[in-house]
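Asker: What follows is a predicted structure for the sequence shown.
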Amino acid sequence: MAYSSIVKPSVYFNTLDYNGNGSNRTIIDVGFQPDWVWIKHRNGSSNHNLFDVIRGATKYIESSSTAPDQTGSDRLTGFASDGFDLGNNGGVNASGQTYVSWNWKANGVGSSNTDGDVTSTVSANTTAGFSIVKWNSTGTAGINIGHGLGQKPAMIITKCININGTSWPVYHQSLGATKYLTFNNTNAGTTSATRWNNSEPTTTTFQTGSSGDIGGSDRTMIAYCFAEKTGCSKISTYVGNGNADGSFIYTGFKPAFILSKKSSGSGTNWTIWDNKRSSSGNNPTDKILHPNVSNPDNTADDTDFLSNGFKLRATASGMNNNGDSYIYMAFAEEPLVANVGQSIPATAR
């Protein structure tokens, strides 16, 4: 059994459910000052709004859109010591509406990183394995970008933030650097040298190709980089069995958040489950959202959140088609067993 040195993962990642009130306000109880905040309107068809400290509080990008960075003075207006400040925009805080925010802790507004061929601005939490990276591309393939994690990233989500119509290339270690996924659509893992230049990330840098989505000239880029941490995060793959008594996927912790995508075929959405949205408050976890579309909460695709992983309880092609491969990234509510004085192991929901 792998023991975790991270006793309380919720001080690095936490999900928060809240109700909108249509007025300027501060959302509290995140548990830390978040550096990346991802908000979705649960009962309405609003785009996903992603905010981070490097771009600044009022700047947002939408995972379900190819639009560039946009400014919204009525959306997220500030990062607070235990949450964030909101305006009254319907996408984040309309009266009588419900919302979810997924929150990650990096390391503040960031600093210059010269590990790569260009200087990047990096906010890195090496303990939790998460960094936010901003840089300007040069239009040349094979440029190395410093990520600040101190270990090889297992997943990288990128977006050009100054050019309209650019997609979201995603690196996942299970597919390798010869393939990529796209966060804003339903494509399968696609073979291409123009995203990662067929070069695996290292402990200090990742490499970009010539695609205009990531390596074109005069592009300003943002990346969210993730490394695996025992008892805190797991970034891997599984194979579906097409049965309601579905596959069990071992993570080594009780999940708080799971992001998945079928990688062996196209036509299925990205899917998010978390430990705060469920019809019963217990298993099965049956509320899903899709980063690549603006759809509201959908009650479908049941999954059990267990003490040491998750078990699929539906046969939908987007999560458990027989013989298909799926990539995932999961974050912990609590480790199965920590190695710092914790004698009681985690339990299922």
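Answerer: Received, thanks. Numbers count the residues shown, from 1 in each chain.
Asker: Surely Asn295 touches Ser45?
Answerer: Yes - when contacts are counted by Cβ atoms under 8 Å, Asn295 is listed as touching Ser45 (6.1 Å). Heads up, the C-betas are built off the backbone N, CA and C, glycines and all.
Asker: the more surrounded of those two?
Answerer: Asn295 (15 against 11; other Cβ atoms under 10 Å).
Asker: and that one, helix, strand or coil?
Answerer: Following DSSP: H, G, I helix; E, B strand; the rest coil, Asn295 is assigned to coil.
Asker: What segments of this structure are helices?
Answerer: Secondary structure of the chain (DSSP state H): helices located at 90-93, 317-320.
Asker: closest one to Ser81 among those?
Answerer: Comparing these against Ser81 with Cβ to Cβ, the closest turns out to be helix 90-93 (19.3 Å).
Asker: Quick one: list the elements packing against that closest one.
Answerer: Helices and strands touching helix 90-93, by 3 or more Cβ pairs under 8 Å, 6 or more residues apart in numbering; DSSP states H and E, are strand 36-41.
Asker: Would you mind measuring the gap between the ends of stretch 95-112?
Answerer: In stretch 95-112, first residue to last residue: 40 Å (Cα to Cα, to the nearest Å).
Asker: Any buried residues in that stretch, and which?
Answerer: For stretch 95-112, burial by neighbour count (16 or more other Cβ atoms under 10 Å) applies to Gln97, Thr98, Tyr99, Val100, Ser101, Trp102, Asn103, Trp104, Lys105, Ala106, Asn107, Gly110.
Asker: Narrow those to those in strands?
Answerer: Members of the buried residues of stretch 95-112 lying in strands (criterion: DSSP state E): Thr98, Tyr99, Val100, Ser101, Trp102, Asn103, Trp104.
Asker: which sections of the stretch 201-349 of the chain are below the confidence cut-off?
Answerer: Filtered on pLDDT under 70, the stretch 201-349 of the chain yields the residue ranges 337-349.
Asker: Where do the strands of it begin and end?
Answerer: 205-208, 217-226, 233-239, 248-250, 253-262, 271-274, 285-288, 298-305, 309-312, 325-335 (DSSP state E, counting those that start in this stretch).
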